[in-house]
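> need a 3D model of the following:
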Amino acid sequence: MRRDGPHSVRDAQGRRWPVLDGIVFARASRQDMARLALGLLDAGDKDAALVLLLADQDDWWRGPVAEPDALRDLVTNRERLSLREAMARLAWGSVADYFAHRWSDPTFLAGLALVEAHWNAPRRAFELACGIGQHLRALAQRDVAVAGADVVFAKL
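Below you'll find the predicted structure:
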């Protein structure tokens, strides 16, 4: 992907994808949503584009849908909200509980143990399906430059 403008990139097929806060929304199954977000960004309405993309969820999600007013509040107050408050506005339900308590989850701790056991001081790390980035945070605390990807924009 190559930078296409102040808020977009273009892929090898020539498709344009929105970029908000340094995060590329390139979900192939959501090209219509990407076009809507690009239209909002092109019109100068970054907050509306962000609300649109934050509403997106995994295809398997059957939980509640985030209320547009809650998402607008999240966008407006994102610097002041706690993780729990932000996840409540996103209507993540049980996924929010999982993320809030992941720091003590056995799979997270096992991942940390594997990193410790096989540490070779990498300079960079990439995590696919990173969720909200707990493992990336742990690596960043070791001065590793990190990047992650997830199918759900709001998790990034």
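
> next one: the residue located most distally from the centre of the chain from residue 70, what distance?
Farthest-out residue of the chain from its mean C-alpha position, per Cα atoms, centre = their mean: residue 117, at 28.3 Å. Distance of residue 117 to residue 70, computed by Cβ to Cβ, to the nearest Å: 42 Å. Bear in mind the C-beta positions are built from the backbone N, C-alpha and C, glycine included.

> quick one: residue 13 from residue 49, how far?
Residue 13 is 22 Å from residue 49, by Cβ to Cβ.

> more neighbours: which of these two?
More neighbours surround residue 49 than the other of residue 13 and residue 49, with 24 against 6 (other Cβ atoms under 10 Å).

> just the pLDDT at the more buried one, thanks.
What the model reports for residue 49 is a pLDDT of 98.

> swap in residue 83?
pLDDT for residue 83: 95.

> again, but for residue 103
88.

> for the one 10 residues further on, same thing?
The pLDDT attached to residue 113 in the predicted structure is 96.

> quick check: which element contains it?
In this assignment (DSSP states H and E), residue 113 forms part of helix 106-117.

> buried set for stretch 123-142?
Buried residues in stretch 123-142, defined by neighbour count with 16 or more other Cβ atoms under 10 Å: 125, 127, 130-136, 138-139.
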